[in-house]
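> got a sequence here, can you build the structure:
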Amino acid sequence: MKPYNRRLMVEVVEGEKAEETAFLLVPDDYKEEERYTLCKVLDSSDDISFPWPYALIESHLIEDIEVRGTSYRFAPISAVVMVGEG
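Coordinates of the predicted model:
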């Protein structure tokens, strides 16, 4: 698969999170979503130039797509807020 229409194909970089003590009662399956997600950029659409290997992307704009049993993650270039070499 190849990204199209000003999108990046990304892989989320998993990291350790600090454990916090909750002061509110929440359901056991509640998961707080981070505002930004660090991603490794795997590919970009042909209509953009994206030379950086890592990007900080707005979490709610990352799309999870499954095609024939394989999962892909895409994000629009406009969702990138910071880039880096690693």
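
> and the lengthiest strand in the chain, how far out from the chain middle?
In the chain, with assignment by DSSP state E, the single longest strand is strand 36-44. When distances are taken as C-alpha atoms, centre = their mean, to the nearest Å, strand 36-44 is centred 6 Å away from the chain's centroid.

> buried stuff in it?
Using 16 or more other C-beta atoms under 10 Å as the test for burial, strand 36-44 gives 37, 38, 39, 41, 44. From N, CA and C alone the C-beta is placed, and that goes for glycine too.

> for residue 41, see how far away the closest residue to the last one other than its chain neighbours is.
Counting by C-beta to C-beta, 6 or more residues apart in numbering, the nearest residue to residue 44 once its immediate chain neighbours are dropped is residue 50, at 4.1 Å. As judged by C-beta to C-beta, to the nearest Å, residue 50 and residue 41 stand 6 Å apart.

> list the buried residues of whatever helix or strand residue 72 lives in.
Per DSSP states H and E: residue 72 is located in strand 70-76. Across strand 70-76, burial judged by 16+ other C-beta under 10 Å covers 72, 73, 74, 75, 76.

> the longest strand of the chain pairs with which strands, and in what direction?
Using DSSP bridges, strand 36-44 pairs in its sheet with strand 7-12 (antiparallel), strand 54-58 (antiparallel).
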